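Colleague: I'll drop the sequence and a predicted model, then ask my questions.
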Amino acid sequence: MNDLYWLMDEQMARLEPYFPKSHGKTRVDHRCLLSGIIFVNRNGLSWRDAAAAYGPHKTLYNRWKRWSEAGVFIRMMEGLSKAQTERRTAMIDATYLKAPRTASSLRVKKGACGRLIGRTKGGMNTKLHAVTDANGRPISLFMTAGQVSDYIGAAAMLDSLPRAQWLRGDRRYDADWFRDALQAKGITPCIPGRKSRTEPIRYDKRRYKRRNRIEILFGRLKDWRRIATRYDRCPTSHLANDTLLKAVEAGAAKHKAW
């Protein structure tokens with residue numbers, strides 16, 4: 001492993017089963033391609049700025065686009081995280097991702113799902129919703145426009161919740177319908193009540209303090225500049241940034257530069 005190639009042979013061996021089959025055609029070295037993709041996303045660069053050692057920038061972009069649309073990085077994250085996930089307790093939260101003019105420009109094609117970018121008090125944003133285990137390892141990720149409430153994100157991710165005993169969430173998830181839905185799934189909510197409630201909600205304060213681990217997850221995601229700032233117009237491509245980071249962290253030892 002050196003400054004250009006981020007992953008060692010034994011680390012690539014864990015990721016290799018998730019790459020698409022070559023079907024007999026000669027392919028570029030996966031470690032070289034993945035290292036180039038990591039380099040661009042980690043440093044917030046355009047694809048043209050990738051080091052020449054990674055190969056033509058068009059090859060990097062095309063492979064990134066193809067793998068994103070095929071769900072390769074999502075399968076990596078889910079497959080590698082599954083073996084390490086502690087699912088007795090789950091956590092749910094959301095964070096904003098800044099979208100500059102380059103991501104929100106151009107008209108959306110007819111019939112497309114949209115760019116999932118909305119206007120908020122802080123400007124144009126996308127909201128990333130996450131469900132993690134007790135240690136902050138992601139179980140599922142979901143993107144909406146920035147102005148979409150956490151209630152809607154929680155409703156969308158309800159079916160993907162693991163068979164946990166507890167679910168930690170902040171006050172934004174304090175809704176009677178959400179608590180009832182969790183109870184129906186056999187999950188005990190560890191969610192403080194909103195200050196506007198007339199009757200206080202009882203919850204396990206000691207257990208709730210460990211919710212900071214999902215905040216640490218968002219902090220690590222935003223260490224990657226192309227995640228903290230959404231440059232991609234396509235929401236599928238940007239969501240692949242999130243899953244790529246967590247897949248690489250789950251399947252490989254952390255590089256000292258991370």
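Modeller: Great, that's in hand.
Colleague: quick one: low-confidence ranges for the stretch 151-258 of the chain?
Modeller: Residues of the stretch 151-258 of the chain meeting the criterion pLDDT under 70: 246-258.
Colleague: residues contacting Thr144?
Modeller: Leu116, Gly118, Thr126, Lys127, His129, Ile152, Gly153, Ala156 (CB atoms under 8 Å, 6 or more residues apart in numbering). Bear in mind the C-beta positions are built from the backbone N, C-alpha and C, glycine included.
Colleague: Strands of this structure, start to end?
Modeller: 89-98, 118-120, 123-133, 138-145, 166-168, 188-190 (DSSP state E).
Colleague: Report all helices and strands that the first one contacts.
Modeller: If contacts are counted by 3 or more CB pairs under 8 Å, 6 or more residues apart in numbering; DSSP states H and E, strand 89-98 sits against strand 123-133, helix 150-157, strand 166-168, helix 212-221, helix 225-228.
Colleague: residues near Ser160, how many?
Modeller: Burial of Ser160 is recorded as 11 neighbouring residues (other CB atoms under 10 Å).
Colleague: and it, what is it in contact with?
Modeller: By CB under 8 Å, 6+ apart, the contact set of Ser160 is Val131, Ile139, Ser140.
Colleague: which of these has the most neighbours?
Modeller: Val131 (24 neighbours).
Colleague: correct me, but that residue touches Ala90?
Modeller: Yes: using CB atoms under 8 Å, Val131 is in contact with Ala90, at 5.9 Å.
Colleague: what sits in contact with each of the two?
Modeller: Counting by CB under 8 Å, 6+ apart, the residues touching both Val131 and Ala90 are Ile139, Leu161, Pro162.
Colleague: Skip the chain neighbours and tell me the closest residue to the first one.
Modeller: Spelled out, that is Ile139. In this structure, Ile139 finds its nearest non-sequential neighbour in Val131, 4.8 Å apart by CB to CB, 6 or more residues apart in numbering.
Colleague: I'd like to know how many residues surround Leu221.
Modeller: Every residue meeting other CB under 10 Å relative to Leu221 is counted, giving 20.
Colleague: which residues does it contact?
Modeller: Thr95, Leu128, Ile227, Ala228, Asp242, Leu245, Lys246.
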